[in-house]
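Colleague: this one's structure only:
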Ligand SMILES: Nc1ncnc2c1ncn2[C@@H]1O[C@H](COP(=O)(O)OP(=O)(O)OP(=O)(O)O)[C@@H](O)[C@H]1O
């Protein structure tokens, strides 16, 4: 039940609506009982030909109770649903706020489709927690107790039957259902997540699936996942209806028992016959209210599972969620220091980075070179707090990154990754993702600097930049970052898909624009690094050389060898 603590707190937060739902629910229940009791009594009493005023009073009471019941039912629905929507919105916000700092590391644990199912499906399923688990039993017990007190006035024996009925329909039978369902394996949430994962994979990999002619196989997997989900839903539905049928049967049996005992009491002269119909009507009404208790165990299990899946998502990297205190100063290039750092990705047998020591003074220009897989991007991800170090210290301006707010780092650092995301929308939407204030003229000028002046601000971009070439995507990413105000640049092969002329033009503009800023450039190309303050050479997750271009060339080590190799390749071409 610990899983439900967050949703319970969210419910308690809406205490006013919760209280109003309980009060309105109680009035609805008790006026329902009163309405049918008065009707039963009216029918029996009318047969005795009472004076007209008595009939008028009784029929008016029935009408009044009917009216009050309708109004209180409306109020109950209104407040309970208002509370539910507030609880859901609170849960969504809380979940998102906790999830955001975990991204993108969260994708090491979950596929995007699974996450989507959790964010949407599991939160949605928690709506039943308040509506079907939290407050209905409270209302039911209140209505029952009130009814039992009333019935006691006519017959203690029948009141005892009511108590027995209350215990059976509200506690014993749901508890039995609860132990029975422990053996049930079905889990709609899991199956929905599997389907969602399959669908997103199918959509993302559509082109490759077509090219590799794997569409039929994937479609079959999708259909199987869909059938599994339908089967689970059917099983859940059958189980729920079965439980309700058992509780309905029991409620009817108790009403028949009340009729039998009542008839006996009347025949023995212990009770007036005119009250018999009233007591039977009360039994039918009050036990009808108890029928939904049959679904209580299912909804409780469903809510616990959904809450468990949500909290498990957030715990997967819980140490990252601690509140960070400090912020980087704005408009200042950052000093970067990495000392004795190891990074070990989950499930990997060897570290991606081991014992790395790097110092990048503010305003300096550093290049990181090395073979594919040597750990360059991991080093960059460390600085951006996208991965965390298992050993050692990573600090920006003397503050350990764990003490810095992620937001502050991302705001102050201009980042171009190897792959950059583009949203469905216009060029302008995609350039001003941070809602910076820029005039159209400024944006156009930057587009021109990156050789994208053939695009207008209104040009349409498809989802994930599908209508752009790889080079255009890189140039658009550069334009986006050039419009940012940060004074520290972390660029991971930002021009790898560009021709040499365009690349040179963009870098010239960048060096001019960022002449006093800290720049960290990850690159495979060795040309054009002569003016770097520092070149770091990585291999197998370690820094194997560092120094200026001249220092490394005169050392004739690894960098020199790569340079010689590059020269040979260029001369052959
Ligand atoms: N999310 C991850 N989970 C597990 N292992 C990872 C992850 N990201 C990177 N690695 C591993 O860490 C090592 C370093 O990868 P990294 O991306 O830092 O290399 P790189 O030098 O940037 O390579 P490239 O030049 O190809 O981009 C590689 O062995 C890679 O397989």
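Modeller: Alright, I've got the coordinates. Just so we're clear, the structure is a prediction, and the values are computed from it rather than from any experiment. Numbers count the residues shown, from 1 in each chain.

Colleague: please count neighbours and contacts with C-alpha atoms only from this point.
Modeller: OK.

Colleague: would you enumerate the residues in contact with residue 287?
Modeller: If a contact means Cα atoms under 8 Å, 6 or more residues apart in numbering, then residue 287 has 165-166, 169, 251-252 as its contacts.

Colleague: and it, what helix or strand is that in?
Modeller: According to DSSP states H and E, residue 287 maps onto helix 276-290.

Colleague: for the closest residue to the ligand within the stretch 201-350 of the chain, give me phi and psi.
Modeller: The nearest approach of the stretch 201-350 of the chain to the ligand comes at residue 345, 4.8 Å away (Cα to the nearest ligand atom). Note on residue 345: its backbone torsions stand at phi -80, psi 150 [degrees, to the nearest 10].

Colleague: residue 248 too?
Modeller: Summarising the backbone geometry of residue 248 under the convention degrees, to the nearest 10, its torsions are phi -60, psi -40.

Colleague: what about it, how many neighbours?
Modeller: 20 (other Cα atoms under 10 Å).

Colleague: that one and residue 180, how far apart?
Modeller: For residue 248, the distance to residue 180 under the criterion Cα to Cα, to the nearest Å works out to 18 Å.

Colleague: got it, and residue 259?
Modeller: Between residue 259 and residue 180 the distance is 32 Å, computed by Cα to Cα.

Colleague: is stretch 413-427 positioned near the ligand?
Modeller: No - figure legend: stretch 413-427 not in contact with the ligand (Cα under 6 Å from any ligand atom); closest approach 7.4 Å.

Colleague: summarise which helices and strands the helix or strand residue 502 falls within is packed against.
Modeller: Per DSSP H and E: residue 502 is located in helix 500-513. If you count contacts as 3 or more Cα pairs under 8 Å, 6 or more residues apart in numbering; DSSP states H and E, helix 500-513 packs onto helix 440-449.

Colleague: on that earlier part again, now do the buried residues in the helix holding residue 287.
Modeller: Residues of helix 276-290 classed as buried under the neighbour-count rule (16 or more other Cα atoms under 10 Å) are 276-290.

Colleague: which of these sits closest to residue 391?
Modeller: residue 290 (58.5 Å; Cα to Cα).

Colleague: coming back round to it: count of neighbours near the residue of the stretch 201-350 of the chain closest to the ligand?
Modeller: For residue 345, the neighbour count with other Cα under 10 Å is 17.

Colleague: do residue 50 as well
Modeller: Here the neighbour count serves as a burial measure; for residue 50 (other Cα under 10 Å) it reads 10.

Colleague: swap in residue 181?
Modeller: Counted with other Cα under 10 Å, residue 181 comes out at 15.

Colleague: same question for residue 223.
Modeller: There are 14 residues near residue 223, going by other Cα under 10 Å.

Colleague: sorry, back to before: next, the contact list for the residue of the stretch 201-350 of the chain closest to the ligand, please.
Modeller: For residue 345, the set of contacting residues under the criterion of Cα under 8 Å, 6+ apart consists of 351-352.

Colleague: residue ranges with poor pLDDT in the stretch 101-250 of the chain?
Modeller: Scanning the stretch 101-250 of the chain with the threshold set as pLDDT under 70 gives 103-105, 108, 183-186.

Colleague: again, only this time at 90
Modeller: Counting by pLDDT under 90, the stretch 101-250 of the chain has low-confidence residues at 101-128, 131-132, 169-171, 173-217, 232-233, 235-248, 250.

Colleague: for residue 251, helix, strand, or coil?
Modeller: helix (DSSP: H, G, I helix; E, B strand; the rest coil).
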